[in-house]
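Colleague: With the input below, show me the fold.
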Amino acid sequence: MRPSKTMIFRVSVVLILVLGLPFALSASDPRSEFDMQLQHVISKLNREAQVDVEGPALLAELTRREFGTPDEELKWAIDQSMTWGEIVALSYIRATTGRSFEAMKTNGALKDFWAYVDKAGMRPERMAHSLESFLKLAEKERNSRIFERLRVSRRVQAMPDLGSGFGLFQEALDFRRIDSPRPTKIHTVPGVLVKGGQ
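Modeller: Numbers count the residues shown, from 1 in each chain. Have a look, this model is predicted:
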C-alpha cells in the first residue's frame, strides 16, 4: 500500500510541530534568553580579566567609571573570590538599586540574576544590553592599551635608511626637474647650433 499525498503532508506537519515547538518555546522564553546572554557576557568578562596582565585593573577602572562602584565594594568582592563577570553584573545592579554587594549576595543575586533583578523592579533585557555594551567597551579599551604599548615600545631609528628610500627621494627630485618646459642652459657660440639654441 502506497502512502497518499495527504498522509505524507500530515506526517510532515506533525514532525515539524513536534521537533520545532520546543525550540520555538525556548527561543521565545525571555528568562532563558536573558540567562544565556548574561552567562555569555560574564564568561567573556572573566576571559578579559585573564587575557591581559592589566585586565583586572582595567575592569576595576571601568566599573568605577561606568557604574560608580567604590573601591571598598571591589575589594570586598575580590576577597570573596568573585569572578570579574559577577563583579560587573553586581556593579550594574548596585548602580541601579544602591544595594551593597554583600546584601545582594546574601539575597541570592549570584544564584539567580533573573529572579533578583525581577524582584528589584529592574528590566532584565536592559541589564543584558548594558552589560554587553560594557563588554564591548572593555574590549576596545584593552585593544587601545595594547596598541599604545606597541607604539611606545617601537624603536625609532635616528638616521633615515639611505638604501632604497634615498633612491626614491632622488628620483622625486629628478622628476621635478623634468617638468621644467624650457632649457636651463643656452650656449651662444657663433656658427655652432646647440641644443635648444637658434
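
Colleague: Flag the helix or strand of the chain with the lowest per-element mean pLDDT.
Modeller: Considering only helices and strands, the least confidently modelled element of the chain by mean pLDDT, DSSP states H and E is helix 164-178, at a mean of 57.

Colleague: For residue 97, give its distance to residue 149.
Modeller: In this structure, residue 97 and residue 149 are 37 Å apart, going by CB to CB, to the nearest Å. C-beta coordinates here come from the backbone N, C-alpha and C atoms, glycine included.

Colleague: neighbour count winner among those two?
Modeller: Between residue 97 and residue 149, counted using other CB atoms under 10 Å, residue 97 has the larger neighbour count: 16 against 11.

Colleague: Now the more buried one. Nearest residue, chain neighbours left out?
Modeller: Spatial nearest neighbour of residue 97, chain neighbours left out: residue 120 (5.3 Å); criterion: CB to CB, 6 or more residues apart in numbering.

Colleague: how close does the one you found sit to residue 78?
Modeller: Going from residue 120 to residue 78 by CB to CB gives 24 Å.

Colleague: Then residue 60?
Modeller: The spacing between residue 60 and residue 78, counted by CB to CB, is 9 Å.

Colleague: higher neighbour count, the two?
Modeller: Counting neighbours by other CB under 10 Å for residue 60 and for residue 78 shows that residue 60 has the greater number, 21 against 13.

Colleague: The more buried one against residue 74, yeah?
Modeller: Yes - at 5.6 Å, residue 60 and residue 74 qualify as touching, with contact defined as CB atoms under 8 Å.

Colleague: Tell me where this structure has helices.
Modeller: Across the chain, reading from the start of the chain, the helices by DSSP state H fall at 5-28, 30-51, 55-67, 71-79, 84-97, 101-106, 113-119, 124-153, 164-178.

Colleague: Quick one, which of those gets closest to residue 188.
Modeller: Within these, the stretch nearest residue 188 is helix 164-178; the backing value is 22.6 Å (CB to CB).

Colleague: Quick one: end-to-end distance for stretch 105-121.
Modeller: End-to-end distance of stretch 105-121 (CA to CA, to the nearest Å): 17 Å.

Colleague: average pLDDT for it?
Modeller: When the per-residue pLDDT values of stretch 105-121 are averaged, the result is 86.

Colleague: Now do the buried residues in it.
Modeller: For stretch 105-121, a neighbour-count test (16 or more other CB atoms under 10 Å) marks 105, 109-110, 113, 116-117 as buried.

Colleague: now do stretch 34-41
Modeller: Taking 16+ other CB under 10 Å as the basis for neighbour counts, the residues of stretch 34-41 that come out buried are 34-35, 37-38, 41.

Colleague: and if you look at stretch 119-138?
Modeller: Residues of stretch 119-138 classed as buried under the neighbour-count rule (16+ other CB under 10 Å) are 124, 127-128, 130-131, 134-135, 138.

Colleague: As CSV, those with pLDDT and distance to residue 47 would be great.
Modeller: Written out in CSV, the entries for those read as follows (pLDDT from 0 to 100; distance: CB to CB, whole Å):
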residue, pLDDT, distance to residue 47
124, 88, 23
127, 89, 20
128, 90, 18
130, 91, 19
131, 92, 14
134, 93, 14
135, 92, 10
138, 91, 10
